[in-house]
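In: I'll drop the sequence and a predicted model, then ask my questions.
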Amino acid sequence: MEIRKKGKVISNKPDKTIIVEVERRVQHPLYKKLIIKRKKFYAHDEHNEAIVGDIVQIVSVRPISKLKRWRLEKILSKGE
């Protein structure tokens, strides 16, 4: 089963790797306020096509390295 996530590229400094920050909104269990939780995912970018600020879709794959378990599927919108 493939899992897909959408997020923003916050770094593309490593070769063939991007770091994607995924945001999700959850409700606090006691106070019921909406909170934004963020998590970083290391994704494989074979052709180094994503740049910082892009909104991308990543898909889960077999482990590629110690931290990389995701692969860039497509760029949804380009950043500035």
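Out: The structure has been received and is ready for your questions.
In: and the most centrally placed residue in the chain, what does it touch?
Out: The chain has residue 20 as the residue nearest its centroid, 3.0 Å off, counting by C-alpha atoms, centre = their mean. With C-beta atoms under 8 Å, 6 or more residues apart in numbering as the criterion, the residues that contact residue 20 are 5, 7-10, 40-43, 56, 58, 70. All C-beta atoms are positioned from the backbone trio N, CA, C, and that covers glycine.
In: Let me know the secondary structure of it.
Out: Per DSSP: H, G, I helix; E, B strand; the rest coil, the secondary structure class of residue 20 is strand.
In: gap between the nearest residue to it once chain neighbours are set aside and residue 80?
Out: Distance criterion C-beta to C-beta, 6 or more residues apart in numbering; nearest residue to residue 20, sequence neighbours excluded, is residue 7 at 4.2 Å. Distance of residue 7 to residue 80, computed by C-beta to C-beta, to the nearest Å: 17 Å.
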